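Trainee: output the structure for:
(one chain, ligands or ions: 2)
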Amino acid sequence: MLNDIEFWKLLRKELLPLRPSQYDITSICNLTCEGCLFFSGDDYLGHKDAKDLKVIEAFFTGESARGVRYGYFGGAEPSLAEKKLVIANKHIPYGVVFTNGIKRLSAEIDYRVHVSLWGNPERSRELRGADIMTKQIKNYRGDHRAVFVFTLTARNLDDIPYIAQTCADNDLALTFNHYSPTTKYMDFIGSGAGADQYHITSTATDNLILSDDDLRLARDSIALVLQQSGQRVLYDNDFNNLVHDPAGLYPDAQGAGAITRDCGVLLTSSLRHYNTDLSQSTGKCCTPNIECSGCRLYAQSFASVLARATRDMRHPGGQQRLIRLWRLWCELFLNDDRLRMDLSSSDGVNLPLTSIAEHPCVSHQFV
Ligand code: SF4
Ligand code: SF4
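Mentor: Residues are numbered from 1 along each chain as shown. Ligands and ions are numbered 1, 2, ... in the order given. The predicted model follows:
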C-alpha cells in the first residue's frame, strides 16, 4: 500500500500534468432518458458524426501532439461508435468512457468505464425507456474498468440501499451522480414547452429535480451506505457533504442562464470539448445545456472541488485533504491499478508544499 508521499510521487511521474479534453463520440443513443443532458437542448444539432477512420486517426494524433493525456469520452452513447474509442486509446493513454452499459465495450479499450444507472428496473423503464440493469450487470460484472454511476433524482432516492446492495452482490464499484436540469428541462416543467421523447413524464409538481429535503435525504442515505462493509462505494464524506449542500456548489451563478466563474471544467484554450463532427465546441463547458445554478454532475463537481482544494491547500489539513481527493479521483477515473488503493490508507504525511502547489496541473484547472 502506497503512503501519501509514494502516491504523490507516482501520480506526478505517471499522470500529471493531466492535460485533459472532452470528446462527444456520437449523437446516437439506444435510450431516451428523461431530461438527458445531451439531447435536452440544441447544442448537439448541426453536427454530423465523423465516421472516416483516417480523419479520426489524424484528429487524435493531433490531440496527442497537443499534449492531451486524458480523455473524457461521452456522447450520446459512445459504445455505439466503438472504433473511434479504439483509435483514441492509441493516442491518449488515460480516460473515462461514459456509457449506458447496454453494449459492452471491447477489452481493447483500456479506459475507466462509467456505467449509468437511473434506479431500480421499474425506474429505469419509466425514466430511460427500458430496464437495462440485468444487461449492464451481465456486461460488466468482474470488469475491473467498470464503475457504476447511480444518477439520483427526486424519484429514486429510496433505491440507494437497493442499488448499493446489488452492486456489492455483483462485485461492482459504485458512485453517485445527481440529476442536473437543463434549460430546456426547466422550460418543459414550467410550461410543457418542448415535449419530445426526452421530455415526457415530468411536470411542475413531479419532476427529477432534487429539493433541499431530497439533497439531505440523499446525503444521509449515502453516509449510511459508506459505513457498511462489503461495499465498493467510491465516495467520501467530505464530498458527500459538499455536493449535497442545498446552497449548491456555485453560489456565484444564481438564476437561469447565469454562468459560474468557479467551475473546474470551464473550457479554456487547453481544456477543449469536441463535438461529434470533431469541431471544437464554443460552449461554456462540455455540458452547455445544464444550468450552472443547479449543476451537481459528478465528474464536473469533483473537478470543482479538487480545484478548490488545491487553492485551499495551505489551510490547516489542506495537503492531506488534497491528497485524499486525488486518491478518490484515481479510484474513480483512472484505469491504473498502481494508483488504486484503499482510501483509508491516506496517512497524513506532510509533503513539502512546493511539491504540490507548483505543479502545473494542480495549480490550474485540472480537468
Ligand atoms: S443513455 Fe445517456 S445519452 Fe442516451 S438518452 Fe440516456 S442520458 Fe442521454
Ligand atoms: S459543468 Fe460547470 S460550467 Fe458546466 S453547467 Fe456545470 S457548473 Fe456550469
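
Trainee: ligand 2 versus residue 224, what's the distance?
Mentor: For residue 224, the distance to ligand 2 equals 27 Å [Cβ to the nearest ligand atom, to the nearest Å]. Yep, even glycine has a C-beta here, placed from its N, CA and C like the rest.

Trainee: same question for residue 278.
Mentor: According to Cβ to the nearest ligand atom, residue 278 and ligand 2 sit 21 Å apart.

Trainee: check residue 103 too.
Mentor: Remark: distance between residue 103 and ligand 2 (Cβ to the nearest ligand atom) = 27 Å.

Trainee: so what does that residue look like in phi/psi?
Mentor: phi -110, psi 120 (degrees, to the nearest 10).

Trainee: again with the one 5 residues further on
Mentor: With angles defined as degrees, to the nearest 10, residue 108 sits at phi -60, psi -30.

Trainee: the residue in the stretch 101-250 of the chain that ligand 2 sits nearest to: what secondary structure?
Mentor: For the stretch 101-250 of the chain, the residue closest to ligand 2 is residue 250, as judged by Cβ to the nearest ligand atom, at 5.3 Å. Assigned with DSSP: H, G, I helix; E, B strand; the rest coil, residue 250 falls in the coil class.

Trainee: how about the closest residue to it other than its chain neighbours, secondary structure?
Mentor: Of all residues not flanking residue 250 in the chain, residue 260 sits nearest, at 3.8 Å (Cβ to Cβ, 6 or more residues apart in numbering). Applying three-state DSSP to residue 260 yields a three-state assignment of coil.

Trainee: these two touch, right, residue 260 and residue 253?
Mentor: Yes - the criterion here is Cβ atoms under 8 Å, and residue 260 meets it with residue 253 at 3.8 Å.

Trainee: list residues touching both of these two?
Mentor: Applying Cβ atoms under 8 Å, 6 or more residues apart in numbering, one finds that residue 260 and residue 253 are jointly contacted by residue 292.

Trainee: hang on, the earlier thing: could you count how many residues lie near the residue of the stretch 101-250 of the chain closest to ligand 2?
Mentor: Neighbour count for residue 250, taken as other Cβ atoms under 10 Å: 21.

Trainee: what's the answer for residue 269, then?
Mentor: Neighbour count for residue 269, taken as other Cβ under 10 Å: 5.

Trainee: in a helix, it, correct?
Mentor: No - if the criterion is three-state DSSP, then residue 269 is coil and not within a helix.

Trainee: next, it: phi, psi?
Mentor: phi -70, psi -20.

Trainee: tell me the spacing between it and residue 66.
Mentor: Going from residue 269 to residue 66 by Cβ to Cβ, to the nearest Å gives 10 Å.

Trainee: what about residue 246, neighbour count?
Mentor: Neighbour count of residue 246, defined by other Cβ under 10 Å: 12.

Trainee: again, but for the one 3 residues further on
Mentor: Counted by other Cβ under 10 Å, the residues lying close to residue 249 total 23.

Trainee: what's the average pLDDT for stretch 58-75?
Mentor: Computed over stretch 58-75, the mean pLDDT rounds to 97.

Trainee: how far is it from where the chain is centred?
Mentor: Averaging C-alpha positions (Cα atoms, centre = their mean, to the nearest Å) puts stretch 58-75 18 Å from its chain's average.

Trainee: could you do stretch 45-58 as well?
Mentor: Distance of stretch 45-58 from the chain centroid (Cα atoms, centre = their mean) equals 24 Å.

Trainee: in that stretch, what's buried?
Mentor: Within stretch 45-58, the residues scored as buried using 16 or more other Cβ atoms under 10 Å are 47, 49-50, 56.

Trainee: which residues touch it?
Mentor: Contacts of stretch 45-58 (Cβ under 8 Å, 6+ apart): 24, 26-28, 59, 81, 83-84, 87, 90, 275-279.

Trainee: make a PyMOL selection of the buried ones in these.
Mentor: The PyMOL command for the buried members of these (criterion: 16+ other Cβ under 10 Å) is given here:
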select buried, resi 24+26+27+59+81+84+87+275+276+278
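
Trainee: from the contacts of stretch 45-58, which ones fall inside strands?
Mentor: In strands, judged by DSSP state E, the following of the contacts of stretch 45-58 are found: residue 24.

Trainee: and ligand 1, which of the contacts of stretch 45-58 contact it?
Mentor: Contacts with ligand 1 are made by none of these, judged by Cβ under 6 Å from any ligand atom.

Trainee: quick one, what contacts the residue positioned nearest the centre of the chain?
Mentor: Centroid-nearest residue in the chain: residue 299, 3.1 Å away (criterion: Cα atoms, centre = their mean). By Cβ under 8 Å, 6+ apart, residue 299 lies in contact with 72, 96, 265, 333, 367.

Trainee: between those, which sits nearest residue 283?
Mentor: residue 265 (11.0 Å; Cβ to Cβ).

Trainee: pLDDT score for the closest one?
Mentor: Residue 265 carries a pLDDT value of 96.

Trainee: strands along the stretch 1-150 of the chain, start to end?
Mentor: 20-24, 70-74, 94-99, 112-117, 146-152 (DSSP state E, counting those that start in this stretch).

Trainee: turn the ones you listed into TSV, columns for distance to residue 218.
Mentor: As requested, those are arranged in TSV below (distance: least, Cβ to Cβ, whole Å):
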stretch	distance to residue 218
strand 20-24	26
strand 70-74	23
strand 94-99	21
strand 112-117	14
strand 146-152	5
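
Trainee: my guess is residue 295 meets residue 301, correct?
Mentor: Yes - Residue 295 is within contact range of residue 301, at 7.4 Å (criterion: Cβ under 8 Å).

Trainee: which residues are common contacts for these two?
Mentor: Contacts common to residue 295 and residue 301, judged by Cβ under 8 Å, 6+ apart, are residue 249.
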